[in-house]
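Asks: need a structure here:
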Amino acid sequence: MDNKKYTGNSVFIVSLLITLIFIVWGVFFTDNLAKVTNTIYKGSIDYLGWVYLGATLFFVVFSIYLLFSKYGDIRLGKKTDKPDFNTASWLAMLFGAGMGIGIVYWSVAEPVTHYTTPPYGKAYTIDAANTAMKYTFFHWGLDPWAIYTVIGLALAFFQYNRRLPAAISSAFHPILGDRIYGPIGKTIDILSIFATVFGIATSLGLGAMQVTAGMHDIFGVPNVLFVQLIVIAVATVLFIISINTGLEKGIQYLSNAAMILSFAIMLLLLIVGPTMTIIKVLFNTTGIYISDFIHMSLRLEPFGEGKWIASWTLFYWAWWIAWAPFVGMFIARVSKGRTVREFVIGVLVVPTLGTFLWMSIFGGSALDLVQKQGTHDLANLITKNVSLSIFTFFDYLPLSSVLSILGFAVVAIYYITVADTATFVLGMLSEGGTLNPSNKIKMTWGVIQSAVAAVLLLAGGLNVLQTASIAAALPFALIMIVMCFSLMKGFKSEVEVQRSNKRSTKHF
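Replies: The predicted structure follows:
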């Protein structure tokens, strides 16, 4: 117990110091930080982009293999353990943590952007529209959810089946043994906290920009930096209140509310939007996605510049991997009692299908509207300001005010939910892997996250920080591959133990 306590305290202190150093660097030496992070990021994308592609495709294949393998019947926990949350709440929470505000932020902007500047072919054509939807599905489909499946499953298995601390380092126990409690394990956990703090701080900053954009569109509030800082301050108070209600109430209720509102928007759009076009887009794009999946997964353009792939696909893969420690840890925390097969269906298959439906409704409707308009004006408006894109799109539809208010509510709830889940995960990591961190630690990280987001908005260093967190994704991609190997060792020993127990029972 003392060892775990010491590990937690030392991890918390070192993580806090590194965070403060980067805040100072980002505020007072923004240009220097930008130069360093851009160099690292550009180098990793230009020379090692194939690692991102290969690793991410491997995670998809590995996850699908587990779904149909003999390990699918392994329960995360004891054989008698039942899930802590009902299936609907479980799916709502993992979807909120995994995608949340991002899917609202990009659901209109990305398809329209790919339509106006496609990866290949001529812009503003039917082929460009099909390609735009295909790549939107690709960037938000199986690949990100496979990344979360791998890390979430590994963490859940070693927490609940091996009774190890809720820490990233625990997933390497079959390889490192008790060294996970030493310097190597601490280093892995510190890097995980570091990636989580800055990844979330970036999202809070971008989220504040979208919330402010929504307030400007609906209520006429000025879309300025000062208002963005007020949004962060108010959100901080709200998610600190939510933190103190616990996982079973605060995060679960917020996630359920966000999911209900999301369904309401989708249903409304399906009615007032181009219904038949949306249905056709869903079926057509799913077919193209399945057909071209391997090609898209390994596409690098060796005889071209490959700028589009670097700025979109590789950027996304790095971004999802950078988010993996936080999302994986949270998914593991809420998945006790599920079997491996249930877990893969819930984390990989269901969210992918839900994402396809969401993107078909929003992206399909937006592209239909842009094409029917006959000019490039709406497309230019949408791509000019991504924060405003979804509200700009709503302005051209019937019941635009209702849609905008619902959209704003979803953005706001997802914004608070992500901050809430992040502080919960940081608390777990900081307190030696406890499943129920103290409110004091969670509140400390909550204030720090918001402060980082606010300070970097003021300093203009938000994009710099985004680049920095993504640059750190490359080594973590390799760590995750090792994690898959470690998980397989764990599964094999689990099956052997189960067989041994069965033999003993029969003999008895």
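
Asks: List the contacts of the residue nearest the centre of the chain.
Replies: The chain has G98 as the residue nearest its centroid, 3.6 Å off, counting by C-alpha atoms, centre = their mean. Listed by C-beta atoms under 8 Å, 6 or more residues apart in numbering, the contact set of G98 reads 144-145, 148, 327, 331, 347, 351. For the C-beta atoms, the positions are set from N, CA and C on the backbone; glycine is no exception.

Asks: Lowest-confidence member of those, which is it?
Replies: For the contacts of G98, the least confident position by pLDDT is V327, scoring 90.

Asks: secondary structure class for that one?
Replies: Put simply, V327 is helix when judged by DSSP: H, G, I helix; E, B strand; the rest coil.

Asks: Show me the helices in the stretch 201-350 of the chain, by range?
Replies: Remark: helices of the stretch 201-350 of the chain, listed N- to C-terminal, are 225-243, 252-272, 275-298, 307-309, 315-333, 340-344, 350-373; assignment by DSSP state H, counting those that start in this stretch.

Asks: Give me the mean pLDDT for the fourth one.
Replies: What it means is helix 307-309. Within the predicted structure, the mean pLDDT of helix 307-309 is 91.

Asks: and if you look at the first one?
Replies: Along helix 225-243, the predicted local confidence has a mean pLDDT of 85.

Asks: mind pulling up the phi and psi values for the residue nearest to the centre of the chain?
Replies: G98 adopts backbone torsions of phi -80, psi -40, taken as degrees, to the nearest 10.

Asks: do R75 as well
Replies: When quoted as degrees, to the nearest 10, the phi and psi of R75 stand at phi -90, psi 140.

Asks: For beta bridges, what are the partners of it?
Replies: Here R75 shows beta-bridge partners T339, assigned using DSSP bridges.

Asks: Look at it and say how many residues are nearby.
Replies: R75 has 21 neighbours, counted by other C-beta atoms under 10 Å.

Asks: The one 5 residues further on too?
Replies: Each residue near T80 was counted by other C-beta under 10 Å, and the total is 7.

Asks: does it belong to a helix or a strand, and which?
Replies: T80 is part of no helix or strand when elements are defined by DSSP states H and E.

Asks: Let me know which of the helices of the stretch 201-350 of the chain is tucked in deepest.
Replies: A comparison of the helices of the stretch 201-350 of the chain by mean neighbour count, using mean count of other C-beta atoms under 10 Å, puts helix 315-333 on top with a mean of 26.

Asks: CA atoms of that helix as PDB?
Replies: Presented in PDB, the C-alpha positions along helix 315-333 are these (Å, rounded to 0.1, in the frame of the first residue of the first chain):
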ATOM      1  CA  PHE A 315      -2.900  14.000 -38.500                       C
ATOM      2  CA  TYR A 316      -6.100  12.100 -37.400                       C
ATOM      3  CA  TRP A 317      -4.200   8.900 -36.600                       C
ATOM      4  CA  ALA A 318      -1.700  10.800 -34.500                       C
ATOM      5  CA  TRP A 319      -4.500  12.700 -32.800                       C
ATOM      6  CA  TRP A 320      -6.500   9.500 -31.900                       C
ATOM      7  CA  ILE A 321      -3.400   7.800 -30.500                       C
ATOM      8  CA  ALA A 322      -2.500  11.000 -28.500                       C
ATOM      9  CA  TRP A 323      -6.000  10.700 -27.000                       C
ATOM     10  CA  ALA A 324      -5.800   7.000 -26.400                       C
ATOM     11  CA  PRO A 325      -4.400   7.000 -22.800                       C
ATOM     12  CA  PHE A 326      -7.300   9.200 -21.600                       C
ATOM     13  CA  VAL A 327     -10.100   7.500 -23.500                       C
ATOM     14  CA  GLY A 328      -8.800   4.000 -23.000                       C
ATOM     15  CA  MET A 329      -8.500   4.500 -19.200                       C
ATOM     16  CA  PHE A 330     -12.000   5.900 -19.000                       C
ATOM     17  CA  ILE A 331     -13.600   3.100 -21.100                       C
ATOM     18  CA  ALA A 332     -11.800   0.500 -19.000                       C
ATOM     19  CA  ARG A 333     -13.200   2.100 -15.800                       C
END
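
Asks: show me where the stretch 401-508 of the chain has helices.
Replies: Assignment of helices within the stretch 401-508 of the chain using DSSP H, counting those that start in this stretch yields the ranges 439-459, 462-471, 473-507.

Asks: re the thing from before, which stretch among the helices of the stretch 201-350 of the chain comes nearest S401?
Replies: Nearest of the helices of the stretch 201-350 of the chain to S401, taken as C-beta to C-beta: helix 252-272 at 11.8 Å.

Asks: and the closest one, what's its mean pLDDT?
Replies: Per-residue pLDDT values across helix 252-272 average out to 91.

Asks: For it, what is the distance to the chain centroid?
Replies: Per C-alpha atoms, centre = their mean, to the nearest Å, the displacement of helix 252-272 from the mean C-alpha position of its chain is 19 Å.

Asks: got the angle for it vs helix 225-243?
Replies: With axes from the mean of the first three to the mean of the last three C-alpha atoms, to 10 degrees as the basis, helix 252-272 and helix 225-243 are set at 120 degrees to each other.

Asks: what residues does helix 252-272 touch?
Replies: Residues from elsewhere that reach helix 252-272, judged by C-beta under 8 Å, 6+ apart: 85, 88-89, 91-93, 95-96, 100, 242, 278, 357-358, 361-362, 365, 397-399, 402-403, 406-407, 409-410, 413-414, 416-417, 420.

Asks: thinking again about what came up before, tabulate the helices of the stretch 401-508 of the chain in CSV, adding columns for distance to P183.
Replies: Output for the helices of the stretch 401-508 of the chain, formatted as CSV (distance: least, C-beta to C-beta, whole Å):
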stretch, distance to P183
helix 439-459, 22
helix 462-471, 23
helix 473-507, 16
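
Asks: Confidence-wise, which of the ones you listed is weakest overall?
Replies: With a mean of 72, helix 462-471 has the lowest mean pLDDT of those.

Asks: hey, which helix is longest across this structure?
Replies: Looking across the chain with DSSP state H, the single longest helix is helix 30-68.

Asks: isn't H139 right next to F315, touching?
Replies: No. Applying C-beta atoms under 8 Å as the test, H139 and F315 come out as separate, 9.2 Å apart.

Asks: Can you check the pLDDT for the nearest residue to K134 once chain neighbours are set aside?
Replies: Counting by C-beta to C-beta, 6 or more residues apart in numbering, the nearest residue to K134 once its immediate chain neighbours are dropped is I288, at 4.8 Å. In the predicted model, I288 carries a pLDDT score of 98.

Asks: Could I get the contacting residues of the closest residue to A322 other than its chain neighbours?
Replies: Across the structure, with C-beta to C-beta, 6+ apart as the measure, the residue nearest A322 apart from its sequence neighbours is A473 (4.3 Å). Shown here is A473, whose contacts under the criterion C-beta under 8 Å, 6+ apart are 44, 52, 195, 317-319, 321-322.

Asks: A473 and A55, how far apart?
Replies: Summarising the geometry, the distance separating A473 from A55, computed by C-beta to C-beta, to the nearest Å, is 10 Å.

Asks: Find the residues that touch each one of those two.
Replies: Residues within reach of A473 and of A55 at once, by C-beta under 8 Å, 6+ apart, are 317, 321.

Asks: rewinding a little: distance to S450 added to the helices of the stretch 201-350 of the chain, as JSON lines?
Replies: Compiled in JSON lines, those are given as follows (distance: least, C-beta to C-beta, whole Å):
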{"stretch": "helix 225-243", "distance to S450": "4"}
{"stretch": "helix 252-272", "distance to S450": "17"}
{"stretch": "helix 275-298", "distance to S450": "37"}
{"stretch": "helix 307-309", "distance to S450": "34"}
{"stretch": "helix 315-333", "distance to S450": "16"}
{"stretch": "helix 340-344", "distance to S450": "32"}
{"stretch": "helix 350-373", "distance to S450": "27"}
